[in-house]
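Q: could you look at this predicted model? Sequence included:
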There are 2 protein chains.
Amino acid sequence: MHETSDPAVEATSAEARTGDALDVHRAHTYLARPGERLTHIFLLIDGWAARYRLLSDGRRQITAVFVPGDFCDLAWRRARTTTQHVIALTPIRALRIDIGEFEHHVECDPGIRAIVENEAHLASETQCEWLVSLGRRTAMERLAHLFCELVERIGRVSGNGSGTCEMPLTQVDLADVTGLTPVHVNRTLQQMRRAGLIELKSKQLRLRDFSRLRKIAFFRSNAEGRRFRNNVFGALRLFQRAPAVPCQPSPAIEEEDRLIIA
Amino acid sequence: MHETSDPAVEATSAEARTGDALDVHRAHTYLARPGERLTHIFLLIDGWAARYRLLSDGRRQITAVFVPGDFCDLAWRRARTTTQHVIALTPIRALRIDIGEFEHHVECDPGIRAIVENEAHLASETQCEWLVSLGRRTAMERLAHLFCELVERIGRVSGNGSGTCEMPLTQVDLADVTGLTPVHVNRTLQQMRRAGLIELKSKQLRLRDFSRLRKIAFFRSNAEGRRFRNNVFGALRLFQRAPAVPCQPSPAIEEEDRLIIA
DNA sequence: CGCACACTTGAAGTGCCTCAATAAGTGTGG
DNA sequence: CCACACTTATTGAGGCACTTCAAGTGTGCG
C-alpha cells in the first residue's frame, strides 16, 4: 500500500477531482465562529480541535473534543449558521468538505451515510455522558471519565491493563471540558498521580490502572458502538473518491415544505 | 376542523391503517430501560417525560426533558438498544411508532425527514446549552436558563414581558436536571421568588421578568430554529397518514457495508 | 537567552452539599 | 369525610469540594 501511505498526497490528487481540500492550520486558529454561514465540514486527519461556547463574562465551556477521524462539526449539518466556536487545539490537517458535496455524498452513498449517522450517534452518546460528568461526578471522577473516553477513542490498551494516548489538552483546556478551574484540575491530577492512577507528562497520558479508573469514573465502554466507526484513512478515502455511480440527490427541502400546521 | 379536533380519535382510526398506536401511560412508567431492544419511537402528545442516566450509587442525571410534540427518543434511531431510562414524569399520551415504520417514513417522506432532522438538531443544541449550564453556570443561572428554555419551548410570553408555562417537574426533578441537590434547588427558587423573578406554585411557572431572567441565564433564544418545528397535532397527522406515494426505501445498510478499513 | 506559556503551590473564602427534622400537600381506602 | 401513608416542600446547622486570588517555578521555543 505504498502508493496510498501518505494521505496528504492522496488528498492533493483528490482535490483536483472533487474540489475538497486538505487544510493545514496552526494551533489556535478558528475553524468556525458563532454566526458564520456554514460552508464546510472538516474531516480531521491530524491534531485535535474543540467546540466551545463562550459566555459574555468570559466563562468558557468546551462542548466537544475532536480527534483524528472525527467530523467537525456534524452538529451543524441542519443549520444555516454556526452557533459555537471551533478551534484547533494543536496544529491540524483536515479535509475541508464543501457542505453541498457533503450532503450529496450522504444522500447518494449508503456507506458514507452509515458512517455519518453512526458518528452523529456516537457524538450524542458522548455528550450525554459529559452531561452526567458535569452534573453528577466529582472532579476526579470527571477527569477519570474523560481519560477513559479518550483512551477508548484514540488510545491503546495494553495487556497488563494500562492504556496510553496523546494528551495535547492543557490544564486550562481540561478545566473547560470538565467544568472546573485550572487550579483544581492541577490539584486533582496530582492526587491521581499520587494514587498511582495516571502518568501525565509532556502531552502523553498513561492510565496505569484502567480498570480502577473505570470504576472511579462509572465509565461505560462504548467500544461496541465504535467497532464500526470510520477510521481516519478509511473515511478520507471514501470522501476523496467520487461516487462510483452518480446519483440523483433528492431535491433540497425548501422551507415551505417544512411542516407548519396551525 | 371539527372532525380532526380530537387526536385520540384520529389515532384510533389511524391505528387501523398504519399499526401505530396511541399509548396512554401513568406517571412514573418506563418508556424505556437501558439495554432494551429498541422497537418504537414515541411522539409525545400530552404530558412530560425525561431521559436519564443512573449511576450505580444512585446519582441521577436527567439528560433530556420531553414535552408535547417531542419525539422520544430520536437519540436511538441509529442504535440497536437503548442506553438510558426514559420515564413518564406525568400521565402521558403518546403515539407509539414502530421503529421500522418510522424509518420508512423518514426515508420516503421529505416533509417528515425535514421534521425529524430538525428535531434532532434542536435537541443537540439544547443539550449543548445544558452542558454550559452544568459546567459553567451557578445554581440560579441554571434554573433561570431552564425556565427560559421551557417557556420558549412550550410556554407563552405576554406583552408585558412575562411568560408562563406548565411546570410538572418536582424540585427533585429540577435538581436532577440542573445537577444540584433538591435542598439547594429549593433555596434557590425561594431566592428567585424573593427577587421577583418567578412565581412557581401548583405546577404553574410564571416568569415575572423574562428579560432579566434571560440576562441572568445568558439565555440565547432559539426561537428562530423552532419556527419550523413540528407542532404536536401537525406531526401526529403526518405520522398517521400513510405516505401518499409508496416509495422504495433504500435497502437497509448491513453491518458489512459499514466502513471497516484497516 | 529571554519571553511566553504551562504548571505548581498556598491561603482564604464560598457555593453547594449533607444530615436531619418538620410542615404542607396529595392520593387512597375505609 | 376522615385517617392514613407517602410524596413534596421547607428550614436549620455544619462541613467540604471547589473557587479565588496571588505568588511562584518550570519549560519550550524563536
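A: Perfect, thanks for sending it.

Q: wait, isn't A:Arg51 in contact with A:Val86?
A: Yes - contact criterion CB atoms under 8 Å: A:Arg51 and A:Val86 qualify, at 4.9 Å. Backbone N, C-alpha and C define where each C-beta goes, glycine included.

Q: got the domain ranges for chain A?
A: For chain A, automatic domain parsing gives the domain ranges A:7-108, A:111-229.

Q: do you have the strands of the stretch 1-150 of chain A handy? List them.
A: A:21-25, A:30-32, A:40-46, A:49-54, A:60-66, A:71-72, A:85-88, A:92-98 (DSSP state E, counting those that start in this stretch).

Q: flag every residue of the stretch 101-250 of chain A that's near chain B.
A: Within the stretch 101-250 of chain A, the positions lying close to chain B (CB under 8 Å from any CB of the partner chain) are A:110-111, A:113-115, A:117-118, A:120-121, A:124-125, A:127-132, A:134-137, A:176, A:178-179, A:218, A:220, A:225, A:228, A:230-231, A:233-235, A:237-238, A:250.

Q: same for DNA strand D: which of the residues you listed are within range?
A: Of the residues in these, proximity to DNA strand D by CB under 7 Å from any atom of the strand holds for A:Gly179.

Q: just the buried ones from the residues of the stretch 101-250 of chain A next to chain B, in ChimeraX syntax?
A: This is how ChimeraX selects the buried members of those, with burial counted by 16 or more other CB atoms under 10 Å in any protein chain shown:
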select /A:110,111,113,114,115,118,120,121,124,125,127,128,129,130,131,132,134,135,136,137,176,178,179,218,220,225,228,230,233,234,235,237,238
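
Q: now, the residues of the stretch 101-250 of chain A next to chain B that are in helices?
A: A:110-111, A:113-115, A:117-118, A:120-121, A:124-125, A:127-132, A:134-136, A:176, A:178, A:225, A:233-235, A:237-238 (DSSP state H).

Q: phi and psi next, for A:His28.
A: phi 70, psi 10 (degrees, to the nearest 10).

Q: where does chain A have low pLDDT?
A: A:1-20, A:241-262 (pLDDT under 70).

Q: make JSON lines from the domains of chain A and add distance to DNA strand C to it.
A: Listed next are the domains of chain A as JSON lines, based on distance: least, CB to the nearest atom of the strand, whole Å:
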{"stretch": "domain A:7-108", "distance to DNA strand C": "8"}
{"stretch": "domain A:111-229", "distance to DNA strand C": "3"}
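
Q: how close does the residue most central in space within chain A sit to A:Glu199?
A: Centroid check for chain A by CA atoms, centre = their mean gives A:Phe66 as the closest residue, at 2.4 Å. Counting by CB to CB, to the nearest Å, the gap from A:Phe66 to A:Glu199 is 24 Å.

Q: just A:Arg156 next, same as before
A: Counting by CB to CB, the gap from A:Arg156 to A:Glu199 is 15 Å.

Q: between these two, which is the more surrounded one?
A: Each of A:Arg156 and A:Glu199 has its neighbours counted (other CB atoms under 10 Å in any protein chain shown); A:Glu199 has more, 14 against 9.

Q: SS state for that one?
A: strand (DSSP: H, G, I helix; E, B strand; the rest coil).

Q: grab the nearest non-local neighbour of it.
A: Leaving aside its sequence neighbours, A:Glu199 sits nearest to A:Arg206 (CB to CB, 6 or more residues apart in numbering or on different chains; 4.2 Å).

Q: the nearest residue in space to A:Val65 that is not next to it in sequence: neighbouring residues, count only.
A: Spatial nearest neighbour of A:Val65, chain neighbours left out: A:Ala50 (5.2 Å); criterion: CB to CB, 6+ apart. Neighbourhood size, A:Ala50 [other CB under 10 Å]: 22.

Q: the one 3 residues further on now?
A: A:Arg53: 22 surrounding residues under other CB under 10 Å.

Q: what about it, distance to A:Ala223?
A: 29 Å.

Q: next: A:Gln171.
A: 28 Å.

Q: and the two? which has more neighbours close in?
A: Counting neighbours by other CB under 10 Å for A:Gln171 and for A:Ala223 shows that A:Gln171 has the greater number, 17 against 10.

Q: thought the more buried one was touching A:Leu180?
A: No - using CB under 8 Å, A:Gln171 is not in contact with A:Leu180, being 9.6 Å away.

Q: show me the contacts for A:Glu166.
A: A:48, A:154-155, A:203-205 (CB atoms under 8 Å, 6 or more residues apart in numbering or on different chains).

Q: redo these as a markdown table? Include secondary structure and neighbour count.
A: Formatted as a markdown table, these follow (DSSP: H, G, I helix; E, B strand; the rest coil; neighbours: other CB atoms under 10 Å in any protein chain shown):
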| residue | secondary structure | neighbour count |
| --- | --- | --- |
| A:Trp48 | coil | 24 |
| A:Ile154 | helix | 16 |
| A:Gly155 | coil | 21 |
| A:Lys203 | coil | 11 |
| A:Gln204 | strand | 12 |
| A:Leu205 | strand | 20 |
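
Q: turn these into CSV, including distance to B:Thr81.
A: Putting those into CSV (distance: CB to CB, whole Å) gives the following:
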residue, distance to B:Thr81
A:Trp48, 31
A:Ile154, 25
A:Gly155, 26
A:Lys203, 37
A:Gln204, 35
A:Leu205, 31
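
Q: ok, those vs DNA strand D, which is closest?
A: Using CB to the nearest atom of the strand, A:Lys203 comes nearest to DNA strand D of those, at 8.7 Å.

Q: can you pull the contacts of the closest residue to DNA strand D within chain A?
A: Here chain A gets closest to DNA strand D at one residue, A:His184, 3.0 Å apart by CB to the nearest atom of the strand. Residues near A:His184 by CB under 8 Å, 6+ apart: A:139, A:175.

Q: ok, the one 4 residues further on next?
A: By CB under 8 Å, 6+ apart, the residues touching A:Thr188 are A:139-140, A:143, A:180.

Q: neighbour-wise, which one of those leads?
A: Neighbour max across the contacts of A:Thr188 (other CB under 10 Å) = A:Leu143, 28 neighbours.

Q: A:Arg187 is in contact with that one, correct?
A: No - between A:Leu143 and A:Arg187 there is no contact under CB under 8 Å: 10.9 Å.

Q: common neighbours of these two, please.
A: Counting by CB under 8 Å, 6+ apart, nothing touches both A:Leu143 and A:Arg187.

Q: checking A:Met192 next. Helix, strand or coil?
A: Strictly by three-state DSSP, A:Met192 counts as helix.

Q: state the distance from it to B:Asp73.
A: With CB to CB as the criterion, A:Met192 and B:Asp73 are 34 Å apart.

Q: what residues are up against the residue nearest to the centre of chain A?
A: A:44, A:48-51, A:72-73, A:86.

Q: redo that, cut-off 10 Å
A: Residues counted as contacts of A:Phe66 (CB atoms under 10 Å, 6 or more residues apart in numbering or on different chains) are A:31, A:42-44, A:47-51, A:72-73, A:86, A:88-89, A:92, A:94, A:123.

Q: and the gap between it and chain B?
A: In this view, A:Phe66 and chain B are 14 Å apart by CB to the nearest CB, to the nearest Å.

Q: okay if I get the strands of the stretch 1-150 of chain A as CSV plus distance to DNA strand D?
A: CSV is the format used below for the strands of the stretch 1-150 of chain A (distance: least, CB to the nearest atom of the strand, whole Å):
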stretch, distance to DNA strand D
strand A:21-25, 15
strand A:30-32, 20
strand A:40-46, 16
strand A:49-54, 15
strand A:60-66, 11
strand A:71-72, 24
strand A:85-88, 15
strand A:92-98, 16
